[in-house]
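>>> Sequence plus predicted model, see below.
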Amino acid sequence: KSKLKFIDTFAGCGGLSLGLKNAGFHPVYVNEIEPKYLETYYFNHDLKLDNYYCGDIKNLVTNKQLTTKYKNIDLIVDGPPCQGFSTANRQRLIDDPRNHLYRDYLNVLSIIRPKFFLIENVIGMAKRLDDIKEDISTYLGDDYKFATDFLSAPDFGVPQKRKRFILIANRVGVNPSDIFSTISHSHKTY
């Protein structure tokens, strides 16, 4: 088992977790509000049942076991609902309530204080980057340095032609732009 541990919020059926496992990380806690997605995650990952939380991310901040047991964890990842940010959604609302769910994630981060965190979403989320920067400062202060980039799924062997918005942050002194530079120099084009 890897020494690098992570929590996956808005985990879905575990696609982001699978990529992290392939990169040498080990999931220790998973949050998803939709039971059928969490069930799929459970059957595809080796994680005990008591390490799952099926419910609203807002409730994680009151889970004392989570907030103390995983204090200072290596990584927390987040892939919040994308419908409100998606340019493919022709009926999206300008103020879709799902667009603010990442703030609940930031609230969890403010309590657990991971070494690194990551947000993954559709490229339309970048249109809210000024709001996101302000919210990171509000919830986390100046402890975390972050960078954003767009990564193209086919460059990593994913059989889809789409780009994803990625935000990587840390509070351990690593330049997040260097992380993206390493990724762009090391990925395999298929």
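Thanks, I have it. Residues are numbered from 1 along each chain as shown.

>>> tell me what the helix or strand of the chain with the lowest mean pLDDT is packed against?
Across the helices and strands of the chain, the lowest-confidence element by mean pLDDT, DSSP states H and E is helix 64-69, at a mean of 85. Contacts defined by 3 or more C-beta pairs under 8 Å, 6 or more residues apart in numbering; DSSP states H and E place helix 64-69 against helix 101-112. No exception for glycine: its C-beta is placed from N, CA and C like everyone else's.

>>> can you pull the contacts of the residue nearest to the spatial centre of the chain?
A centroid search over the chain (C-alpha atoms, centre = their mean) returns residue 78, at 2.0 Å, as the residue closest to the centre. Residues near residue 78 by C-beta atoms under 8 Å, 6 or more residues apart in numbering: 9-10, 102, 105, 117-120.

>>> run the last query once more with 6 Å
By C-beta atoms under 6 Å, 6 or more residues apart in numbering, the contact set of residue 78 is 9-10, 105, 119.

>>> For it, which non-adjacent residue is spatially closest?
Closest residue to residue 78 apart from its sequence neighbours, by C-beta to C-beta, 6 or more residues apart in numbering: residue 105 at 4.4 Å.

>>> For residue 122, the count of nearby residues, please.
Residues within reach of residue 122, counting by other C-beta atoms under 10 Å, total 19.

>>> Look up phi and psi at it.
phi -70, psi 160 (degrees, to the nearest 10).

>>> ok, what's across the strand from it?
Judged by DSSP bridges, the bridge partners of residue 122 are residue 164.

>>> Could you measure from it over to residue 151?
Relative to residue 151, residue 122 is positioned 12 Å away (C-beta to C-beta, to the nearest Å).

>>> on that earlier part again, from the contacts of residue 78, which is closest to residue 145?
Nearest to residue 145 among the contacts of residue 78: residue 119, at 14.4 Å, using C-beta to C-beta.

>>> Could you give the number of residues near that closest one?
24.

>>> helix, strand or coil for it?
strand (DSSP: H, G, I helix; E, B strand; the rest coil).
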